[in-house]
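Undergrad: curious how this folds, go ahead:
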Amino acid sequence: MQRELDEIVNRLLDMNPDPIPKFILLKEFKGLSKSNLEYNDLYEKVCSHKFIMKWETSQNLQGFWQPFHGLTEGVIRMLLSYGLEENNPILLKAQECLVNLLQGKETTGQHEKQDNPLWYPVMFEPLIFASMLSLLNPENEHIKEQRKLRSNFTEIAFASGKYDAKADANAQFEHFGFKTKRAIPPFSYYNLLLLAPNGVNDYISDKASQGMVDFHMNEAGGVYYVYGNRPSKMVSISEQNRDSRDFWHWIRALSLIAQFKGWEKYEHNFTDWIMQQRNQDGFWEFPKKFDFVLSNSWRGNNKMIDSTIFVLRFLMKKQAF
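TA: Numbers count the residues shown, from 1 in each chain. Purely as a prediction, here's the structure:
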């Protein structure tokens, strides 16, 4: 299949894509070196693109975009999807902000009404900050505390190989020193980001990883904030539903799950189905605009280019956020 995917990449490049998708294709799929003149020329165009400038000019002095939960997370994902490097000034400023938030030097000024007022500032926000920082700098030392904590919760929750919600909740209540109806499960979006292997380190055991993948695929009602249905149910590219139950949201959910050991037993069947969702030209084309548009406009071949890059990133395990 790799040869077939490589050919799709070549055909996309033949379409003369706009600067951002062209940069992504060459950087992520063709392995264009940073020392190459074409790489640097394209990256300069990406950094000065209106998509990037919009967020550079609206980033606040602290380094985030208000409201943090609801906007900053999405901006970070978009900037990464455009191919920005870790040392980009916007991302460096965001990294510094996330470290300050984790250290309690800054606050977002945000709060949510929950059954326990400690839930948002004590349980939830530090997890958000660490998971977003892990996208920008996976081995940042300031992530370690939250990563270890969430790893321990995950090991307890899947000690038997199956999810034990009671053991999970009790472990969290004991650690935080208060009870809430909203213990944060190990298969939540932010945990998936924080605990994903990075090619060097695994943060949970193979047993816990397999248990989490199996539960996610077959029992969980979806990936909160990402996809609103059971991921094991195949989704057609033409399917359009409310509550994030469409093809691209499904692919995004699978990309998060597929980072973990245990995905292998699902990979073949799901890959086959996804390959069948291409159009008559051999590309994927989403029926409507989605969150990770790369091209200057959503017209003509751009629909196929952006949709296909999104799916290729999953199939070739390039990005998950």
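
Undergrad: not including adjacent chain positions, what is the nearest residue to residue 298?
TA: residue 289 (5.1 Å; CB to CB, 6 or more residues apart in numbering). Where C-beta positions appear, they are placed from N, C-alpha and C, glycine not excepted.

Undergrad: ok, the one you found to residue 241 distance?
TA: According to CB to CB, to the nearest Å, residue 289 and residue 241 sit 16 Å apart.

Undergrad: which phi and psi does the residue nearest to residue 298 have?
TA: phi -60, psi 150 (degrees, to the nearest 10).

Undergrad: quick one: it and residue 256, what's the gap?
TA: Counting by CB to CB, the separation of residue 289 from residue 256 is 22 Å.

Undergrad: more crowded one of these two?
TA: When neighbours are counted by other CB atoms under 10 Å, residue 289 and residue 256 differ, and residue 256 comes out ahead with 22 against 12.

Undergrad: so what pLDDT did that one get?
TA: Here the pLDDT value assigned to residue 256 is 95.

Undergrad: what's the burial count for residue 267?
TA: 12.

Undergrad: do residue 181 as well
TA: 9.

Undergrad: centre of the chain to stretch 23-41, how far?
TA: Centroid displacement of stretch 23-41 relative to its chain, using CA atoms, centre = their mean, to the nearest Å, is 22 Å.

Undergrad: give me phi/psi at the nearest residue to residue 245 once chain neighbours are set aside?
TA: Excluding its sequence neighbours, the residue lying closest to residue 245 (CB to CB, 6+ apart) is residue 229, at 4.6 Å. Main-chain dihedrals, residue 229, degrees, to the nearest 10: phi -160, psi 170.

Undergrad: residues in contact with residue 229?
TA: Taking CB atoms under 8 Å, 6 or more residues apart in numbering, we find residue 229 in contact with 221, 222, 235, 243, 245, 250.

Undergrad: how much space is there between the second one and residue 285?
TA: With distances defined as CB to CB, the gap from residue 222 to residue 285 amounts to 24 Å.

Undergrad: same check on the first one?
TA: When CB to CB is the yardstick, residue 221 and residue 285 sit 28 Å from each other.

Undergrad: more neighbours: the two, which one.
TA: Neighbours per residue, other CB under 10 Å: of residue 221 and residue 285, the larger number sits with residue 285, 17 against 10.

Undergrad: show the model's pLDDT score for the more buried one.
TA: 97.

Undergrad: with the one 5 residues further on instead?
TA: Here, the pLDDT recorded for residue 290 equals 94.

Undergrad: skipping its backbone neighbours, what lies nearest it in space?
TA: residue 248 (4.7 Å).

Undergrad: check residue 213 too.
TA: Nearest one to residue 213, counting by CB to CB, 6+ apart, is residue 262 at 3.5 Å.

Undergrad: what is the helix or strand where residue 12 lies packed up against?
TA: Using DSSP states H and E, the element containing residue 12 is helix 2-14. Applying 3 or more CB pairs under 8 Å, 6 or more residues apart in numbering; DSSP states H and E, we find helix 2-14 packed against helix 302-315.

Undergrad: now the helix it packs on: average pLDDT?
TA: pLDDT averaged over helix 302-315 gives 98.

Undergrad: stretch 156-174 now?
TA: 96.

Undergrad: next one: stretch 181-189
TA: Stretch 181-189 comes out at a mean pLDDT of 92.

Undergrad: and that stretch, how far apart are its ends?
TA: Taking CA to CA, to the nearest Å, stretch 181-189 runs 18 Å from one end to the other.

Undergrad: contact partners of that stretch?
TA: Contacts of stretch 181-189 (CB under 8 Å, 6+ apart): 114-115, 119, 123-124, 127, 131, 150, 153-154, 157-158, 163, 165, 168-169, 172-173, 190-191, 195, 208, 212, 215-216, 220, 223-226, 256.

Undergrad: stretch 58-74 too?
TA: The contact list for stretch 58-74 (CB under 8 Å, 6+ apart) reads 55, 75, 90, 93-98, 100, 106, 108-110, 112, 125, 128, 132, 291.
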